[in-house]
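K.L.:
generate a structure from the sequence data that follows.
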Amino acid sequence: MSDIQIAASQPPKESKVQRHERLKGEQNPWEELPRLFPLFRAGAGALGAADRDMRLRWWGLYTQGDGAGVFGGSAPYYMLRLRLPNGHLTGDQLATLASMTRRYARGVADVTVRQNLQWHWIQAEDIPDIFHELWDIGLTTRAACGDDTRNVTGCPLAGFDPDEIVDARPFVEAINRELISHAEFYNLPRKFKICASGCRHWCPLPEINDVAFTALQPKPGREGEIGFGLQVGGGLSTTPHFAVPIPVVVRPHQVVDVARALARLFRDRTELRQNRAQARFKFLFMKFGWDAARLRSELEANLGYRLESHIPDPPPAHGFRDHLGANPQRQAGLFSVGASVLGGRLTADQMERVAELARDLAGNQVRTTALQNLLLPNVPKAHVARLAKQLTAVGLPVAASSFRRGTIACTGSEFCKLAVVETKHFAAELVAELERRLPEYPEPIRINLNGCPNSCGQHWIADIGLQGTRVKTATVPEDGYDVFLGGGLGQNPTLARRTLGRVRARELPDRLEALLRFYAERRLPDERFRAFVQRTPNAELEAVLGSLPEAPALLPVGQLVRIGEEVAV
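P.N.:
Okay, the predicted model is just below:
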């Protein structure tokens, strides 16, 4: 047999996508814990590659970097993400999580932009005990990662906000229960992100979810008639796309039906299983020519009935959606108190103190938010000032500065193997420096930091978005950022535009100070930063950002040298 005949007789080599799809189809990771627990007990080395690198994700586990920010480094530790629908926790649960953070995660936990908590430094041998401790307090990590329905988010003030259209907590819980309880939904093309909210401010950011249910404004004379608007196909990453409003109204009894039908529709699209970089719901619109009419047609065919037509409600005005500060609740005499968690990073001591305060002053309730912050509801008016003082004393200010209030940071190279720069510590240093240089700054500025182009830190929708990169110097490469300006949601949503590239991290305080002073001096009355950027020529903004004073920046940013794999960004 000739070489040509031998080559022709051999099966084609399996691609990475094909292998991933085959492994998913062979075993449902949700059913694998009885097999995996003994392997965990035996240590990280006992796990096979398919378990370690893929199946564990369905239980919220990823391998992490080495914790030193050395790009390409690896360690026998895991990141573990919890699943907190609507960001709900009790003070008792948080107290247990604080103890677990101290015992298993070296005293640190992160609040994510999907209202989750996640840990690092998790050892394989501890995972069975961790899972049992979580189950004992009513929590899970199931479907916190993987190709399934991620944490279902909602307004942290659901049930408390006096201005909400409807308390959407029951819908969040029902969607969550439906889509992670049935095996038919474990094998989706990629992650599937859903939110449901009755908040008039759209605080769960429906515009960037795969599926979003937002309560419709009641019509005059029909105030008791509840309905939800529907948006589909939102997402950021390297190819951002705002969700498409579908001109229907979803009645309360239809919400779970529609969520289920859309999950099935997503699951069954074979065109979304060919390229994992283009496997999100949004690519039906971006690549395969779908529009709102096509989506509605496919959805109703899957449902088996037609939905009522409805003109989509306009989005709320552009602005912060953080619910920070002290705000009166719908319950007379009670307040919610929202505190800033800079970059989402919490210590076990902070968690323990918040749990104590929640039990003593806030009806034993805690909420996480989509902007990586914390909120305590049910605070009697007489205790508001005391609670705010106590939170501030542990580094969680209620009256946060214009910069601290709106800063988000992804995991960064400290633990994420995709990131090329460190983000959490740098975010804290950058905010502290801007607070020192620009005290009492008049306008809240949202600064979002990403360690790589994947936009987990949502730089596309920030006033100032910073995307990590490596900057060549005469000696060693340095941490740097591409600067994006003018992004935001709400009315006339816009993606931030890249304005200046490859800025060394240690130069950013000077450059951003110059930009923010320029904006404060040139803005029109009541003009928001995004509007200012939109009307200012890019060349002018670039000139301001590009000018540096002779004195070096005061910010002490450590120089991190990465070894190993190179990544194009």
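K.L.:
when you work out contacts or count neighbours from here on, use the C-alpha atoms and nothing else.
P.N.:
Noted.
K.L.:
got the contact list for the residue nearest the centre of the chain?
P.N.:
Note on the chain: the residue nearest the mean C-alpha position is Val113, at 2.6 Å, using CA atoms, centre = their mean. Contacts for Val113 (CA atoms under 8 Å, 6 or more residues apart in numbering) come out as Thr369, Ala370, Leu371, Gln372, Cys456, Gly457.
K.L.:
in a helix, it, correct?
P.N.:
No. Under DSSP: H, G, I helix; E, B strand; the rest coil, Val113 falls outside any helix and is assigned coil.
K.L.:
give the closest residue to it in space, chain neighbours not counted.
P.N.:
Ala370 (4.5 Å; CA to CA, 6 or more residues apart in numbering).
K.L.:
dump the residue contacts of the one you found.
P.N.:
Contacts of Ala370 (CA under 8 Å, 6+ apart): Thr112, Val113, Arg114, Gln115, Thr153, Cys203, Pro204, Leu205, Asp322.
K.L.:
check Leu89 too.
P.N.:
Gln365, Val366, Arg367, Thr368 are the contacts of Leu89 under CA under 8 Å, 6+ apart.
K.L.:
so how far is Pro397 from the residue nearest to the centre of the chain?
P.N.:
According to CA to CA, to the nearest Å, Val113 stands 19 Å off from Pro397.
K.L.:
same question for His132.
P.N.:
34 Å.
K.L.:
for Ala348, same thing?
P.N.:
17 Å.
K.L.:
could you do Ser99 as well?
P.N.:
Taking CA to CA, one finds Ser99 at 23 Å from Pro397.
K.L.:
okay, those two: which has more neighbours?
P.N.:
More neighbours surround Pro397 than the other of Ser99 and Pro397, with 22 against 16 (other CA atoms under 10 Å).
K.L.:
list the contacts of the closest residue to Val250 other than its chain neighbours.
P.N.:
Leaving out its chain neighbours, the residue that sits closest to Val250 by CA to CA, 6+ apart is Phe228, at 4.9 Å. Residues in contact with Phe228, defined by CA under 8 Å, 6+ apart, are Phe213, Thr214, Ala215, Leu216, Val249, Val250, Arg251, Pro252.
K.L.:
now distance to Val421 too, for the contacts of Leu89, in TSV please.
P.N.:
Listed next are the contacts of Leu89 as TSV, based on distance: CA to CA, whole Å:
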residue	distance to Val421
Gln365	35
Val366	32
Arg367	30
Thr368	26
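K.L.:
which one of the contacts of Phe228 is nearest Lys191?
P.N.:
Phe213 (17.7 Å; CA to CA).
K.L.:
let me see the contact set for that closest one.
P.N.:
Cys195, Ala196, Ser197, Pro206, Phe228, Gly229, Leu230, Gln231.
K.L.:
would you say it is within a strand?
P.N.:
Yes. Judged by three-state DSSP, Phe213 forms part of a strand.
K.L.:
what's the spacing between it and Ala168?
P.N.:
Using CA to CA, one gets 9 Å for the distance from Phe213 to Ala168.
K.L.:
list the residues that contact both of these two?
P.N.:
Contacts common to Phe213 and Ala168, judged by CA under 8 Å, 6+ apart, are Ala196, Ser197.
K.L.:
what helix or strand is the residue nearest to Val113 located in?
P.N.:
Following DSSP states H and E, one finds Ala370 outside all helices and strands.
K.L.:
columns distance to Leu47, pLDDT and secondary structure on top of the contacts of Phe213, output as JSON lines?
P.N.:
Below are the contacts of Phe213 laid out as JSON lines (distance: CA to CA, whole Å; pLDDT from 0 to 100; DSSP: H, G, I helix; E, B strand; the rest coil):
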{"residue": "Cys195", "distance to Leu47": "34", "pLDDT": "98", "secondary structure": "strand"}
{"residue": "Ala196", "distance to Leu47": "37", "pLDDT": "98", "secondary structure": "strand"}
{"residue": "Ser197", "distance to Leu47": "40", "pLDDT": "97", "secondary structure": "strand"}
{"residue": "Pro206", "distance to Leu47": "38", "pLDDT": "98", "secondary structure": "helix"}
{"residue": "Phe228", "distance to Leu47": "45", "pLDDT": "98", "secondary structure": "strand"}
{"residue": "Gly229", "distance to Leu47": "45", "pLDDT": "98", "secondary structure": "strand"}
{"residue": "Leu230", "distance to Leu47": "42", "pLDDT": "98", "secondary structure": "strand"}
{"residue": "Gln231", "distance to Leu47": "40", "pLDDT": "98", "secondary structure": "strand"}
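K.L.:
quick revisit: which one of the contacts of Phe228 has the most neighbours?
P.N.:
Of the contacts of Phe228, with other CA under 10 Å as the count, Thr214 tops at 30 neighbours.
K.L.:
that one bridge partners, please.
P.N.:
Beta-bridge pairing for Thr214 (DSSP bridges): Ser197, Gly229.
K.L.:
show me the contacts for it.
P.N.:
Thr214 neighbours (CA under 8 Å, 6+ apart): Ala196, Ser197, Gly198, Cys199, Trp202, Pro206, Phe228, Gly229, Leu230.
K.L.:
of all the residues you listed, which two lie farthest apart?
P.N.:
Cys199 and Leu230 (14.2 Å).
K.L.:
so where's the stretch 101-250 of the chain shaky on pLDDT?
P.N.:
223 (pLDDT under 70).
K.L.:
what does whichever strand or helix holds Val17 contact?
P.N.:
Element membership of Val17 [criterion: DSSP H and E] is helix 16-26. Contact partners of helix 16-26, identified using CA under 8 Å, 6+ apart, comprise Ala50, Arg55, Asn187, Arg273, Gln274, Asn275, Arg276.
K.L.:
next, count neighbours for the closest residue to the fifth one other than its chain neighbours.
P.N.:
Closest residue in space to Gln274, ignoring its immediate chain neighbours: Val17 at 6.8 Å, by CA to CA, 6+ apart. By the other CA under 10 Å criterion, the neighbourhood of Val17 contains 14 residues.
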